[in-house]
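J.: Please work out how this folds:
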Amino acid sequence: MSMYEAGNITGKLNASIVTGIGSQWSDAKNGIGFGSILVVPGVGSVDLYQIIKVDSATQLTLSRNITKAFDNTPYGIIVAETNSTSSFANQLASQLAYYQEQMLGWQKILTGKGDVKLTAPDGSVVTVKSMSEVTAAILKLKSAATRDVGTSAGQVMEVGAFGLGTNSSNIGISRGNLSDYRVNSIYYAYAGDNGVTDSFAGNGTYLNMFGHPSGKYGFQLANSAHTTTSIGVRSIVNDVTGPWFHLYHTGYKPSYNDVDAISQKGGTYNGLWTLVRNSVPLALDSGGDPDKTSVYLLGQCNGEKMWYVGKSSTSPQVRIHNYQTNTAITLDSIANVLAPLYEKGYRVWSQGNTTVDANGFIKRASPICRLFNKMQHGALEVYAEDNMTIDGSCAINSEAKGVTAERIDIGIYRVSGSLGFAKSGWYIETPNDANGNKKVFVEYEQDDAGVITVKTFTPEFDNGKCVAGEPVDIPEGRWIDLRLAMPEAEEPLSEPIE
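T.: Just a heads-up that it's a prediction; the model follows:
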């Protein structure tokens, strides 16, 4: 007879379910089914049970309850008598069932979707992608899936090609000049090696960038292996190779000569500096020039001397000479003219520290606000000097930055953005007519926040005293000067220069 004995079994007392470990009872090729006999050996006896159902590869249902419990015990299942008709029938049925299962599985692979599970001859389960899944995955790869790997046109580039993604290598041994190597790549080249004669600065790493398909337009970037700061670049335009140029940076700064800032420095003239516009060193003569022991700046245009400023080592004077008028002046002469002013402590007044009020008089300036009627007048530039900007109904100087003014109603103006009126000196000036009479009568107030409210009225006289009449706006072309107090400006944050 034929016996199946793979794995071990466990069964509980008075139960009809048997579980297996390492078994493949549901595999049709094994011939286990209804009517098969389960043989459970014991001590001095053997228990036999009829199988009425194969639940899975590891579970059976018996025709009667278990009379003696067993745990992880060897067993046997009689599937048929050897060489019997029933044995042949069972085996044939098992094989046919197995092949039918395989055919159904392959039909799912060819026509179905998703994953398909197949049972291998050894009983293991294999998961296979359906053809629709495989086709979709291939289509996602697009043309790259059908290309060869290489560095020629139409091939897929692998890691390391042209020095990308891995350590770079030397260029081809047949290259005579690096400028002839027009492949976009990163590589290392040796000066003089294999005929390479046009390197940047000896051995180094090179980057080729050629965007035009002809290879006639591009540039090469180079880093010298002999220094950590030297980087070079050169262009190739219409197949013509330009010279190598240094890239300047904080670690490799240009000298004066590199940028033609000074055409001559030192030499015969003992520290002579020459400034020229046409980059041609000037040949000095003795007429009107400093002696050879002077240090001076000389300017010329198209080879013609224009001026010089210098000092001779034999004289304390600093001399300014104009070649066009053949006149000169020494700085100590200028000092003699200005000395009396400095000795008496005179202050120099300018637009930076004064303002012209509404009546044309110069006044000491700090933060200044010129208040006017913007609603009535369109030509606002008449209210501001060169150093002033207009904001709303006021013109302010740079020290009053942030101050704004608005017209609230007829003859009512509000000024914001300051700490209020200046604490010392003058703080308000109103416009007068040619006879010194007030053009408007002014009332003003300041709240705790520094906001100033200015009200203007027609001037009327009561017993010879000017008083407020009807509300009226500030006259056209005139303004009211306000001298303000401003909060201290915050110091701007600065970042260190690396």
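J.: show me where the stretch 51-200 of the chain has strands.
T.: Under the criterion DSSP state E, counting those that start in this stretch, strands of the stretch 51-200 of the chain are mapped to 59-62, 70-73, 76-80, 115-119, 125-129, 186-189.
J.: Pull the residues that contact the first one.
T.: Taking contacts as Cβ atoms under 8 Å, 6 or more residues apart in numbering, the residues outside strand 59-62 that touch it are 16-20, 25, 38, 49-55. Every residue, glycine included, has its C-beta placed from N, CA and C.
J.: Which among those residues count as buried?
T.: Ser16, Val18, Thr19, Gly20, Trp25, Leu38, Tyr49, Ile51, Val54 (16 or more other Cβ atoms under 10 Å).
J.: quick check, nearest of those residues to Val451?
T.: Thr19 (91.6 Å; Cβ to Cβ).
J.: Can you give me the pLDDT of that closest one?
T.: At Thr19, the pLDDT value in this model is 96.
J.: for it, helix, strand, or coil?
T.: State at Thr19, reduced to three classes by DSSP: H, G, I helix; E, B strand; the rest coil: strand.
J.: List the contacts of it.
T.: For Thr19, the contacting residues are Ile9, Thr10, Gly11, Thr58, Gln59, by Cβ under 8 Å, 6+ apart.
J.: Only the buried residues of stretch 133-140, if you could.
T.: Quick answer for stretch 133-140 (16+ other Cβ under 10 Å): Glu133.
J.: Alpha carbons of that stretch, in CSV - could you do that?
T.: Taking C-alpha atoms only, stretch 133-140 is exported to CSV below (Å, rounded to 0.1, in the frame of the first residue of the first chain):
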residue,chain,number,x,y,z
GLU,A,133,1.4,43.9,-14.4
VAL,A,134,4.7,43.1,-16.1
THR,A,135,3.7,45.1,-19.2
ALA,A,136,2.7,48.1,-17.2
ALA,A,137,6.1,48.0,-15.3
ILE,A,138,8.0,47.8,-18.6
LEU,A,139,6.1,50.8,-20.1
LYS,A,140,7.0,52.8,-17.0
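J.: ok so, going back, may I ask which two of the contacts of Thr19 are separated the most?
T.: Across the contacts of Thr19 (Cβ to Cβ), the longest gap, 12.6 Å, separates Gly11 and Thr58.
J.: More neighbours: which of those two?
T.: Between Gly11 and Thr58, Gly11 has the larger neighbour count (other Cβ atoms under 10 Å), namely 25 against 16.
J.: Which strand residues bridge that one?
T.: Listed beta-bridge partners, Gly11: Val18, Phe70 (assigned using DSSP bridges).
J.: One more: Ile51?
T.: With DSSP bridges as the rule, Ile51 is bridged to Leu62.
J.: From here on, call the first residue 51.
T.: Yes, from this point I'll number from 51; that puts the last item at Ile101.
J.: wait, doesn't it sit right on Ile128?
T.: No: with contact defined as Cβ atoms under 8 Å, Ile101 does not reach Ile128; the gap is 9.7 Å.
J.: which residues touch the residue lying closest to Thr111 once chain neighbours are set aside?
T.: Distances taken as Cβ to Cβ, 6 or more residues apart in numbering place Lys103 nearest to Thr111, at 4.0 Å, with adjacent residues excluded. Shown in contact with Lys103 (Cβ under 8 Å, 6+ apart): Phe84, Leu110, Thr111.
J.: That'll do, ta.
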